[in-house]
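S.K.: need the 3D shape of this:
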Amino acid sequence: MVSTMIALLKNTTIAAGFSVAEAGAIRDTLSERSYSVTVGLLWVALFFIILVVPLTLLQRSLEKRWSVAR
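M.R.: You can find the predicted model right below:
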């Protein structure tokens, strides 16, 4: 179930963050405000990692706890 949640988070982020109109708008907005486009997009990537890593650790913990001995 957690794996599905992670996949949903990734797919939603990709669909929302990288639509054709939005990709150009992010770059234009950052450029107009004299921000580095690369730094702005790196912050977005960092936020994404902050969301995904705890879910991944939770998934591993639950898998170990509920695994069946073979």
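S.K.: mind listing the helices for the protein?
M.R.: Secondary structure of the chain, counting by DSSP state H: helices at 2-17, 20-32, 37-66.
S.K.: make a markdown table from those and add mean neighbour count to it.
M.R.: All C-beta spots, glycine's among them, are computed from the backbone N, C-alpha and C. As requested, the helices of the chain are exported to a markdown table (neighbours: other Cβ atoms under 10 Å):
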| stretch | mean neighbour count |
| --- | --- |
| helix 2-17 | 12 |
| helix 20-32 | 11 |
| helix 37-66 | 11 |
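S.K.: export these as CSV, with columns for mean pLDDT.
M.R.: Formatted as CSV, the helices of the chain follow (pLDDT from 0 to 100):
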stretch, mean pLDDT
helix 2-17, 75
helix 20-32, 73
helix 37-66, 86
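S.K.: just how off-centre is stretch 1-17 within its chain?
M.R.: In terms of Cα atoms, centre = their mean, to the nearest Å, the centre of stretch 1-17 is set 8 Å apart from its chain centre.
S.K.: for it, output the C-alpha coordinates as PDB.
M.R.: Provided in PDB are the C-alpha atoms of stretch 1-17 (Å, rounded to 0.1, in the frame of the first residue of the first chain):
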ATOM      1  CA  MET A   1       0.000   0.000   0.000                       C
ATOM      2  CA  VAL A   2       2.800   2.400   0.800                       C
ATOM      3  CA  SER A   3       4.400   1.600  -2.500                       C
ATOM      4  CA  THR A   4       1.300   2.600  -4.200                       C
ATOM      5  CA  MET A   5       1.200   5.900  -2.200                       C
ATOM      6  CA  ILE A   6       4.800   6.600  -3.300                       C
ATOM      7  CA  ALA A   7       4.000   5.900  -6.900                       C
ATOM      8  CA  LEU A   8       0.900   8.100  -6.700                       C
ATOM      9  CA  LEU A   9       3.000  11.000  -5.200                       C
ATOM     10  CA  LYS A  10       5.600  10.700  -7.900                       C
ATOM     11  CA  ASN A  11       3.000  10.500 -10.700                       C
ATOM     12  CA  THR A  12       1.000  13.400  -9.300                       C
ATOM     13  CA  THR A  13       4.200  15.500  -9.000                       C
ATOM     14  CA  ILE A  14       5.300  14.800 -12.500                       C
ATOM     15  CA  ALA A  15       1.800  15.500 -14.000                       C
ATOM     16  CA  ALA A  16       1.300  18.700 -12.000                       C
ATOM     17  CA  GLY A  17       4.900  20.000 -12.100                       C
END
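S.K.: right, I'll leave it there.
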